[in-house]
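Participant: what follows is a predicted protein model with its sequence.
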Amino acid sequence: MATDSARGSEGRPDPGGTASILSGRAQDVVQARDISGGVHFHGSATALLLSRPRQLPGAMPLFVGRRPELERLWALVETGQQASPGGPRVAVIVGTAGAGKTSLALRFAHEVRSRFPDGQLFIDLRGYSPGDPISPAAALDRFLRAMGIPAPDIPQGLDERAEIFRSLSADRAMLIVLDNVATAGQARALLPGSGDSLVLATSRGRLPSLSRFIQTARIDVGLFDAEESATLLSSAMSGHRDADGPAVAELATLCAGLPLALRIAAERAITRPSTPLRVLIDAPSRCSRGPTGICPGRRRGSSGSSACIREPTSGSTPPRRSPGSLRRVSVNTLMH
């Protein structure tokens, strides 16, 4: 609220003077003695104050393979293949748990972030976590705050938040990474309506219904082949322990080409640097999940996959969970 009043030097009313008092909130203010004609504001003060968020987490330092997948993502950026007319480019990176979807998304995001100078947004929607997933309304609240909108100005309703987000992201070049998307409905409200933005969404499902609203490119992330598996294991263990080629190759086979399993196996092997890798692989073991569980040693193509690195035990039937007993890391257990 603006008022004019006359005040003296000590703040008391002064009939001979003029003062302008502004209270409350305002976006556009003009202070002038005399104004002749109309006053016009061009542009939005809010738009000028918007921040350019930089929310990308660091990329995985050890990255192996995925050349075809990266080439498809680059094609989407450089040629606009499978982009909706006038809308953002959207890629859904699909794969099983532990296949390396997030690693691929972040690797590519860091490669192309300079092409999106208006900001990079990242959120883990926790679509497959034990707790509740992040709702679209909560995600938009975080996005709008990151883009510089004060919390009191963010409406409560999902539709209103989505409208503001689309307005702010229109005609801007932004990079948005939506990690662990469970359903198309979880991601739909987080897509810009127009502009030159890129959205990378990772999911275990193909999100087919998302294509009803916007054209998407789907990037399938499969398992590693034997060479890629061995390369990841050797690179992860390099400088931490010795690893002979045949033992690495066998361990890679036990991991069934699953990148998460390979990383877990490498980390477990690193914790026993003085024990030959062959001894760790051949050590007697007991499956803690019983004969019906998914036991180590399954080969690709068998039902299910599990990888572990087994620690040598002092006897063939050690007490369960006692010191020195078998410790088995099930990939399925760690992923869920």
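Facilitator: In hand now; what should we look at?

Participant: buried ones in the helix or strand where residue 104 lies?
Facilitator: Take DSSP states H and E as the rule and residue 104 turns out to sit in helix 101-112. Neighbour-count burial for helix 101-112 flags 101-110, 112 (criterion: 16 or more other C-beta atoms under 10 Å). No exception for glycine: its C-beta is placed from N, CA and C like everyone else's.

Participant: also stretch 182-195?
Facilitator: For stretch 182-195, by 16+ other C-beta under 10 Å, it's 182-184, 186-195.

Participant: need the distance between the two termini of that stretch.
Facilitator: Distance across stretch 182-195, first residue to last, is 25 Å (C-alpha to C-alpha, to the nearest Å).

Participant: quick one: average pLDDT of that stretch?
Facilitator: Throughout stretch 182-195, pLDDT has a mean value of 91.

Participant: how about stretch 146-164?
Facilitator: Computed over stretch 146-164, the average pLDDT equals 95.

Participant: ok, residue 126 - contacts?
Facilitator: Counting by C-beta atoms under 8 Å, 6 or more residues apart in numbering, residue 126 makes contact with 132-134, 180.

Participant: could you export the residues you listed as a markdown table, including neighbour count, distance to residue 174 and secondary structure?
Facilitator: As requested, the contacts of residue 126 are exported to a markdown table (neighbours: other C-beta atoms under 10 Å; distance: C-beta to C-beta, whole Å; DSSP: H, G, I helix; E, B strand; the rest coil):
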| residue | neighbour count | distance to residue 174 | secondary structure |
| --- | --- | --- | --- |
| 132 | 8 | 27 | coil |
| 133 | 18 | 23 | coil |
| 134 | 23 | 19 | coil |
| 180 | 21 | 20 | coil |
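
Participant: ok, residue 74 to residue 111 distance?
Facilitator: Using C-beta to C-beta, to the nearest Å, residue 74 is found at 8 Å from residue 111.

Participant: er, residue 153 actually
Facilitator: In terms of C-beta to C-beta, residue 153 sits 35 Å off from residue 111.

Participant: again with residue 123
Facilitator: Remark: distance between residue 123 and residue 111 (C-beta to C-beta) = 20 Å.

Participant: same list (the buried residues of stretch 182-195) but as TSV, adding secondary structure.
Facilitator: Shown next, in TSV, are those (DSSP: H, G, I helix; E, B strand; the rest coil):
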residue	secondary structure
182	coil
183	coil
184	helix
186	helix
187	helix
188	helix
189	coil
190	coil
191	coil
192	coil
193	coil
194	coil
195	coil
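
Participant: which one of those is nearest residue 242?
Facilitator: Proximity of those to residue 242 (C-beta to C-beta) peaks at residue 182, which lies at 42.2 Å.

Participant: what sits against that closest one?
Facilitator: Contacts of residue 182 (C-beta under 8 Å, 6+ apart): 125, 127-128, 133, 203-205.

Participant: picking up where we left off before, from the buried residues of helix 101-112, which single one is nearest residue 170?
Facilitator: Scanning these for proximity to residue 170, where the rule is C-beta to C-beta, the winner is residue 112, at 20.4 Å.

Participant: dihedrals phi and psi, the closest residue to the closest one other than its chain neighbours?
Facilitator: Leaving aside its sequence neighbours, residue 112 sits nearest to residue 77 (C-beta to C-beta, 6 or more residues apart in numbering; 5.6 Å). When read as degrees, to the nearest 10, the backbone of residue 77 gives phi -80, psi -40.

Participant: isn't residue 77 up against residue 114?
Facilitator: No. Applying C-beta atoms under 8 Å, one finds residue 77 not in contact with residue 114, separated by 11.4 Å.

Participant: appreciated, that's everything.
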